[in-house]
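Enquirer: The sequence and its predicted three-dimensional model are supplied below.
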Amino acid sequence: MTDHRASPSTSGESRSLAMARPYLGRTVELVIDRPYGSLHPVHGFRYEANYGYIPGTRASDGEELDAYYLGPEEPLDTAHGACIAIVHRLEDDDKLIVVPAGTHLDNAQIAAAIAFQEIPGRYQILRR
């Protein structure tokens, strides 16, 4: 298994962002542990996108690096796609935005797709 941990940045950016940034523009494989339509195990909201992680990674919270897989509106177990953006949460638990190859979303479309979990004003959408 490949260890995809990133070193903390020396440029002043958060540890979480330094770990997420190398994935921008890359094709990644995801394990979907919270499929489209499922309920959050603690907070009870419904996932309006497939949500998972990149296996073999470690984010700043000690868990795998999380990602939204935007596109198919059906539950998936795994996904393969391009990382087009980072949801840079101001409390330092960043998430990747991954889409099927050839999919183009602007920031407003991303914000609308993740509104079920992300609170406006508490994150920024970052791109290359």
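Expert: Perfect, thanks for sending it.
Enquirer: the helices in the protein, which residues?
Expert: With DSSP state H as the criterion, the chain has helices at 15-20, 107-114.
Enquirer: need the longest strand for the protein.
Expert: Ranked by residue count under DSSP state E, the longest strand found in the chain is strand 78-89.
Enquirer: That one pairs with which strands?
Expert: Strand 78-89 pairs in its sheet with strand 27-34 (antiparallel), strand 95-99 (antiparallel), strand 123-126 (antiparallel), by DSSP bridges.
Enquirer: So which of the ones you listed is the most surrounded?
Expert: The highest average neighbour count among the strands paired with strand 78-89, using mean count of other Cβ atoms under 10 Å, belongs to strand 95-99 at a mean of 25. (Glycine included, C-beta is placed from N, CA and C.)
Enquirer: so where is this structure shaky, pLDDT-wise?
Expert: Within the chain, the stretches with pLDDT under 70 are 1-12.
Enquirer: if we go to 50?
Expert: The chain contains residues with pLDDT under 50 at 1-10.
Enquirer: who's in contact with residue 23?
Expert: Going by Cβ atoms under 8 Å, 6 or more residues apart in numbering, residue 23 touches 54, 65, 83, 86, 96.
Enquirer: any idea how far residue 115 is from it?
Expert: Here residue 23 is placed at a distance of 22 Å from residue 115 (Cβ to Cβ, to the nearest Å).
Enquirer: wait, which of the helices of the chain is closest to residue 59?
Expert: Among the helices of the chain, the nearest to residue 59 by Cβ to Cβ is helix 15-20 (5.7 Å).
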